[in-house]
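Asks: Need a 3D model of the sequence below.
(one chain, ligands or ions: 1)
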Amino acid sequence: MTDIALEMPWLEKPWQMIQRLLSEGRLPHALLVNGECGVGKRAWADAVSGLLLCSAPLHKEGGAPVACGECRQCQLLSASSHPDVRVFSPEKSRMIRIEQIRSLSAFAVSSPQVAGRKIAVIDRADQLNINSANALLKTLEEPVPDFVLILLQESGRPVLPTIRSRCQVLSIPLPSTEQADQWLATKVTHMEGDKKPSAELLTKSLMLAGNAPRLALEYATGEFPGLRDDAFDKFRQFMRGQVAVAEAAKAFKALGLEDMLWLFEGWAADLARLCAGGKASDHEAGEMIGFLASNNPAWRAHELLDMVREARTAGVYNVNPELEASRLLIAWRELMPTRRRAS
Ligand SMILES: [Zn+2]
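Replies: The predicted model follows:
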């Protein structure tokens, strides 16, 4: 028996909603699921696929169906070799290509091979370009009875309204700190020796990931926290006029474009929050950003946010990470009060 809500309790509400829709025979043909990066959207979609394909679902107390974990469908799925499930995600170009959507459309109208229905997951629907989105519309407008489409959307990234309006929309909430801590602790419990992240690193990764547990796990077991610390040190030094922009930009480049923009976006969002009297989510950068917030009007923060988001959109076409970092760093330094900048 596989019940995702036991492993990731914050998924319970959207999970129960699917169990209910399935029991009542009201399953929509397209679901759009949004949530923060690393909150568990994909795990949720995998669990939903399992439940929809299982040929002998069990019923928990209260009647909610769960996948049995043992039938042929469940076995194929857990071996990631179920022919009636396809996942479409962006490739290196960072957008979902129209060819991928064409192949999805053909899959949608084909007959299921071993299960009673077919499931396609688009991870991430916010990375459909206009052409791919238009191609997808045809599939959404002519629903096939034995086909379910699950679209995953990262919070804050738009999906075209024409797509959105044809889907049932669900949100995956962030876990409480306690739930996230607990989940992380179970995930690292079998790691050995110096591969096992310390409790301190787990807490820090969770903070950097904005409480999204999967992202935090990736951070805690990867290079991100160290690279982020280097970049933040250089950022502070650059703001005080202690290092040249090129040197600071190098530290950001080391993060890679995506993580670098994510970091800048997080700080710009913190700046906007602090300008509006709220709290920073990156406590370590909070002091520096608080100083800028008390010396700048809120619109400057929004201008910076726009700048980062534009860069992210442009990231599709080979942006030079070092130049992009320099451009953003210079924009940040313009927020320093003139007296400080000169000293
Ligand atoms: Zn099963």
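
Asks: and stretch 105-125, how far out from the chain's middle?
Replies: In terms of Cα atoms, centre = their mean, to the nearest Å, the gap separating the centre of stretch 105-125 from the centre of its chain is 23 Å.

Asks: Is it positioned near the ion?
Replies: No - between stretch 105-125 and the ion, judged by Cβ under 5 Å from the ion, nothing touches; the nearest distance is 10.1 Å. Heads up, the C-betas are built off the backbone N, CA and C, glycines and all.

Asks: tell me the domain ranges of the protein?
Replies: 4-171, 223-342 (automatic domain parsing).

Asks: Adding mean pLDDT, mean neighbour count and distance to residue 204 as columns, could you present the ones you listed in a markdown table?
Replies: Rendered in a markdown table, the data for these read as follows (pLDDT from 0 to 100; neighbours: other Cβ atoms under 10 Å; distance: least, Cβ to Cβ, whole Å):
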| stretch | mean pLDDT | mean neighbour count | distance to residue 204 |
| --- | --- | --- | --- |
| domain 4-171 | 93 | 18 | 15 |
| domain 223-342 | 89 | 17 | 6 |
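
Asks: right, so of the ones you listed, which gets closest to residue 215?
Replies: Among those, domain 4-171 comes nearest to residue 215, with 2.4 Å by Cβ to Cβ.

Asks: Out of the domains of the chain, which gets nearest to residue 216?
Replies: Residue 216 lies closest to domain 4-171 among those, at 6.9 Å (Cβ to Cβ).

Asks: related to what we said a few turns ago, and residue 209, which of the domains of the chain is closest to it?
Replies: Proximity to residue 209, assessed across the domains of the chain by Cβ to Cβ, is greatest for domain 4-171 (5.7 Å).

Asks: ends of that closest one, how far apart?
Replies: Its first and final residues considered, domain 4-171 spans 16 Å by Cα to Cα, to the nearest Å.

Asks: related to what we said a few turns ago, rebuild the domains of the chain as CSV, extending it with distance to residue 212.
Replies: Below are these laid out as CSV (distance: least, Cβ to Cβ, whole Å):
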stretch, distance to residue 212
domain 4-171, 4
domain 223-342, 11
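
Asks: Residue 182: which of the ones you listed is closest?
Replies: From the domains of the chain, taking Cβ to Cβ, the stretch that ends up closest is domain 4-171, at 8.5 Å.
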